[in-house]
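# here you go, sequence then predicted model.
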Amino acid sequence: MKKIFVILLTLSVFLTALADREEFVVGMELEFPPFETIDNQGNPSGVSVELSRLLSEELGQDLRIENISYSGLIPALLSGKIDAIISSMGINESRARKVDFSDPYAFSPLVLLAYKDSSVKSPEDLNNSDVKIAVRTGTIGYLWAAKNAHKAEVKLFDKESQAVMEVAQGKVDVFIYDPQSVVRRHKKYPDTTRVIMDPLPGVGGWGVAVQKGNTQLLEKINNFIQRAKGDGTFDEIREKYLKEEAKVFEEETGLNYFF
């Protein structure tokens, strides 16, 4: 009986230690390859996952990733369900009123996937009552269209695939999204879509979001970002995940893509 008691006590101590172990809980939507996705084994994978892993090591905490729909990320952060958002989230004034952002860790401009016969040839053509624009709910593309293309008809979609299909079928003129995804989707529908690589103006960088006033965590994140930019860490990630897309974008625009 005494031996059983000791075993149970040891097990209890072990389980308590696990429960008390600090974690760095990151929210992201795992539907945006190669930034946030799920690999063939069902594990989180991609640029943001790797950044989260490296940051958790910097913080000395175990990493836990919560897969949350994009529109639910900020509410999850505000409620304390997660410690940070690392999900290709663009920094803007509207979001900054609710959360604090780190220094930008990346810049990924917005470009256009257009229907082959659309009259839209450049971003300057978007603010027109004859133009139909597809955007994903809660994304920078949606915010940009609402602010800069108020004359156009803006259609909201929860899924990237839904918005792309609207373009491929000619139901809308363009889909506003990041270069990597636009290039990938054009390859899937080469006969009915085309790519407009002129970056939309006024688009800022991506940042890590934390709760308002969490200056201690924010300082640690900013220190990590600055060091990763300087020691080659970000260059290695870019080479691993974004080599092809970056080459296409930079050749066509003369601009740096990401990091």
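Great, that's in hand.

# now do the same contact list for residue 166.
For residue 166, the set of contacting residues under the criterion of C-beta atoms under 8 Å, 6 or more residues apart in numbering consists of 134, 155, 157, 172, 175. Every residue, glycine included, has its C-beta placed from N, CA and C.

# let me know the closest of those to residue 241.
Each of these was scored against residue 241 by C-beta to C-beta, and residue 175 proved nearest at 21.8 Å.

# partner strands of the helix or strand hosting that closest one, with direction?
Under the assignment given by DSSP states H and E, the secondary-structure element containing residue 175 is strand 174-177. Its sheet considered, strand 174-177 pairs with strand 111-115 (antiparallel), strand 132-136 (parallel) by DSSP bridges.

# which SS class is residue 66?
At residue 66, secondary structure determined by DSSP: H, G, I helix; E, B strand; the rest coil is strand.

# OK, contacts around residue 37?
With contacts defined as C-beta under 8 Å, 6+ apart, the neighbours of residue 37 are 30-31, 44-46.

# nearest to residue 97, out of the strands paired with strand 174-177?
Among these, the nearest to residue 97 by C-beta to C-beta is strand 132-136 (20.9 Å).

# returning to what we had before: output the strand holding residue 175 as PDB, restricted to C-alpha atoms.
The C-alpha atoms that make up strand 174-177 are tabulated as PDB, following Å, rounded to 0.1, in the frame of the first residue of the first chain:
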ATOM      1  CA  VAL A 174     -10.000  40.600 -59.400                       C
ATOM      2  CA  PHE A 175      -9.000  39.000 -56.100                       C
ATOM      3  CA  ILE A 176      -6.700  41.000 -53.800                       C
ATOM      4  CA  TYR A 177      -4.100  38.900 -52.100                       C
END
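
# thanks again, I'm all set now.
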